[in-house]
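Trainee: could you look at this predicted model? Sequence included:
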Amino acid sequence: MRNLFGCRWPGSRPGKTAKNDFLKLLKNAQHFCLPLARQQAREAWEKRLFKTFEKCATFLKNAQIFCLPMARQQARESCEK
C-alpha cells in the first residue's frame, strides 16, 4: 500500500475510497445546496421578469407617440357623430 504524505489510504483501493467519500460528501451537502439552488433560480426568474417589464414599459413609452394622435382623432370623430 502506498504512503502519501505520511498517511496511508484506508482500504485496498484508494481511488474507490476517495470516490465514495466524495459521493458521501455530496449526498450530505444536498440539503444545503438545494435551497440555495432554489433561491438562485428564483432570483434569476425575478431578474428575467424585471427585464420583461422594463422592455414593456419602454415599448409603451415609445408607442405613446403614435397612439395619442390616433386616440385624439378617434375621440374627435366620436364627438362629431
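Mentor: Received the coordinates, thanks.

Trainee: for Gln40, give its distance to Lys19.
Mentor: Per Cβ to Cβ, to the nearest Å, Gln40 is found 27 Å from Lys19. From N, CA and C alone the C-beta is placed, and that goes for glycine too.

Trainee: with Ala63 instead?
Mentor: 59 Å.

Trainee: cool, Asn62 as well?
Mentor: Distance from Asn62 to Lys19, by Cβ to Cβ: 58 Å.

Trainee: equivalent analysis for Gln64, please.
Mentor: Taking Cβ to Cβ, one finds Gln64 at 62 Å from Lys19.

Trainee: gap between the host helix or strand of Leu23 and the chain center?
Mentor: If you go by DSSP states H and E, Leu23 is part of helix 14-80. How far helix 14-80 lies from its chain's middle: 7 Å, per Cα atoms, centre = their mean, to the nearest Å.
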